[in-house]
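Q: Starting from these lines, generate the structure:
(one chain, ligands or ions: 1)
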Amino acid sequence: MDETKLMDFVHKAVSDVGSVLAGSMVVIGDRLGLYRAMAGAGPITPEELASRIGATERYVREWLGAQAAAGYVVYAGDGRYELPDEHAIPLTDETSPACVIGAFETALGAAQATDRIADAFMNGEGVFWGDHDPHVHTGCERFFRPGYVNFLSQAWIPALDGVEERLRTGIRVADVGCGHGASTIHLATQYPESTFVGFDAHGASVEAARKRTAESGVGDRVTFQQATAKEIEGQFDLIAFFDCLHDLGDPVGALVAARDHLTDGGTILIVEPMAGDRVEDNLNPIGAAYYGFSTLLCTPNSLSQEVKAALGAQAGEARLRAVAADAGLSQFRRVAETPFNIVIEARP
Ligand SMILES: C[S@@+](CC[C@H](N)C(=O)[O-])C[C@H]1O[C@@H](n2cnc3c(N)ncnc32)[C@H](O)[C@@H]1O
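A: Residues are numbered from 1 along each chain as shown. As a prediction, this is how the structure comes out:
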């Protein structure tokens with residue numbers, strides 16, 4: 001027994017206990033506007049911060065202690081705390097690709113299902129996405145939207161062969177597994193000549209997507225339908241799967257359906273979590289987050305549906321290529337990537 005190694009691990013584990021609790025602290029900081037009140041405010045006392053948001057000072061002081069110990073805010077001395085600008089952006093700016101708020105909301109929502117998922121380990125049952133705490137659904141929307149807003153029309157669409165031009169001229173687009181429609185609505189705002197249909201198996205997500213669309217003023221060209229990936233209706237020139245193919249029980253069946261509903265010369269766009277092909281490629285902080293999300297959310301969802309392929313959020317490009325080939329998509333190419341995503345173009 002190497003005592004040093006043992007103590008190193010205990011220190012790491014205790015720090016992870018702080019991280020688990022930091023998740024709750026971050027969601028509280030976001031929900032109550034604590035971070036927004038601290039952004040740009042310079043060193044501030046718990047009393048000042050509490051009065052800015054109308055909260056109870058004693059809670060705010062304890063929260064600041066936890067946040068300073070975890071390195072989210074800085075203790076400036078003299079009973080004052082500061083949120084550095086470099087921390088304020090990831091914690092408050094939902095237009096920035098650096099925004100992490102949605103990931104925390106998703107993680108905390110997903111953790112509500114811990115008991116249920118532990119049971120599922122033993123009975124082998126799945127858990128449908130829609131049966132999770134609603135913070136999973138709003139958190140996911142907030143987690144992914146900054147990526148769509150910053151990369152979709154700027155980098156991912158232009159990387160596809162000939163698609164940008166066609167979107168500008170006016171084509172029909174399907175967004176399969178659209179969730180709250182963050183990608184659908186963003187595409188609609190960028191390409192005003194095209195029309196969009198979002199499909200999702202979860203009724204409440206479809207309702208939320210309709211509400212967001214009405215608020216965003218693109219309702220004349222965007223519709224949503226509650227349907228599984230294999231039940232989509234209509235013919236489309238572009239069919240997109242944003243961060244959802246690996247969640248599906250039958251990803252091959254979903255891509256076969258997409259192929260059947262694709263016009264001649266059409267394109268399938270698949271955006272998936274960043275991952276290498278081997279477990280050892282993913283043993284890093286992004287892999288730790290995605291394997292965790294996958295254990296609580298993606299794998300249980302797939303196991304709740306027919307075929308139960310359970311690709312997992314860290315499937316990797318080679319596995320995705322094999323799925324596409326099984327669905328008769330012989331053209332498959334990685335066209336872009338970010339630290340969090342792989343972007344793939346596929347065609348029959
Ligand atoms: C990780 S979320 C991604 C949502 C959305 N694409 C986004 O980027 O915000 C996965 C989505 O797939 C949906 N889903 C799960 N199984 C499905 C199925 N068989 N057919 C269609 N949608 C499904 C879920 O309801 C959920 O909205």
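
Q: residues of the strand or helix carrying residue 25 that come out buried?
A: Assessed by DSSP states H and E, residue 25 sits inside helix 3-31. Residues of helix 3-31 classed as buried by neighbour count (16 or more other Cβ atoms under 10 Å): 22, 25-30. Bear in mind the C-beta positions are built from the backbone N, C-alpha and C, glycine included.

Q: Downstream of that helix, the next helix or strand is which one?
A: Taking DSSP H and E, what comes next after helix 3-31 is helix 34-38.

Q: tell me what that following helix is packed against?
A: helix 46-53, helix 85-92 (3 or more Cβ pairs under 8 Å, 6 or more residues apart in numbering; DSSP states H and E).

Q: The last one - what's its average pLDDT?
A: In this model, helix 85-92 has a mean pLDDT of 98.

Q: Could you export the helices and strands packed on helix 34-38 to CSV, including columns for mean neighbour count and distance to residue 321?
A: As requested, the helices and strands packed on helix 34-38 are exported to CSV (neighbours: other Cβ atoms under 10 Å; distance: least, Cβ to Cβ, whole Å):
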stretch, mean neighbour count, distance to residue 321
helix 46-53, 17, 50
helix 85-92, 16, 33
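
Q: nearest to the ligand, of those?
A: helix 85-92 (18.9 Å; Cβ to the nearest ligand atom).

Q: what's that closest one packed up against?
A: Using 3+ Cβ pairs under 8 Å, 6+ apart, helix 85-92 sits against helix 3-31, helix 34-38, helix 101-111.

Q: again, only this time at 6 Å
A: Under the contact definition 3 or more Cβ pairs under 6 Å, 6 or more residues apart in numbering; DSSP states H and E, helix 85-92 sits against helix 34-38.

Q: circling back: and residue 225, which of the helices and strands packed on helix 34-38 is closest to it?
A: helix 85-92 (34.5 Å; Cβ to Cβ).

Q: now the angle from that closest one to helix 3-31?
A: Angle of helix 85-92 versus helix 3-31, following axes from the mean of the first three to the mean of the last three Cα atoms, to 10 degrees, is 70 degrees.

Q: how far off helix 101-111 does helix 85-92 point, in degrees?
A: 50 degrees.

Q: Run through who's touching helix 85-92.
A: Outside helix 85-92, the residues that touch it by Cβ atoms under 6 Å, 6 or more residues apart in numbering are 35-36, 39, 96, 98-100.

Q: how about a cut-off of 8 Å?
A: 26, 29-30, 35-36, 38-40, 72-73, 83, 96, 98-101 (Cβ atoms under 8 Å, 6 or more residues apart in numbering).

Q: what do you get for stretch 217-230?
A: Counting by Cβ under 8 Å, 6+ apart, 176-178, 181, 184-185, 188-189, 192, 194-203, 206, 209-210, 213, 232-233, 241, 244, 248, 250, 253-254, 256-258, 305 sit against stretch 217-230.

Q: Can it be said to contact the ligand?
A: Yes. Using Cβ under 6 Å from any ligand atom, we find that stretch 217-230 touches the ligand at 228-229.

Q: Now find how far off-centre stretch 231-247 is within its chain.
A: Per Cα atoms, centre = their mean, to the nearest Å, the displacement of stretch 231-247 from the mean C-alpha position of its chain is 17 Å.

Q: I should have written stretch 152-164 there, sorry.
A: 20 Å.

Q: which parts of it are buried?
A: Residues 152-153, 156-157, 159-160, 163-164 are the ones in stretch 152-164 that count as buried (16+ other Cβ under 10 Å).

Q: swap in stretch 302-310?
A: Of the residues in stretch 302-310, 302-305, 309-310 count as buried by neighbour count, 16+ other Cβ under 10 Å.

Q: how about the closest residue to the ligand within the chain, what does it touch?
A: Distance from the ligand to each residue of the chain (Cβ to the nearest ligand atom) is smallest for residue 179, at 2.7 Å. Listed by Cβ under 8 Å, 6+ apart, the contact partners of residue 179 are 137, 140-141, 144, 200, 202, 205, 209, 242, 244.
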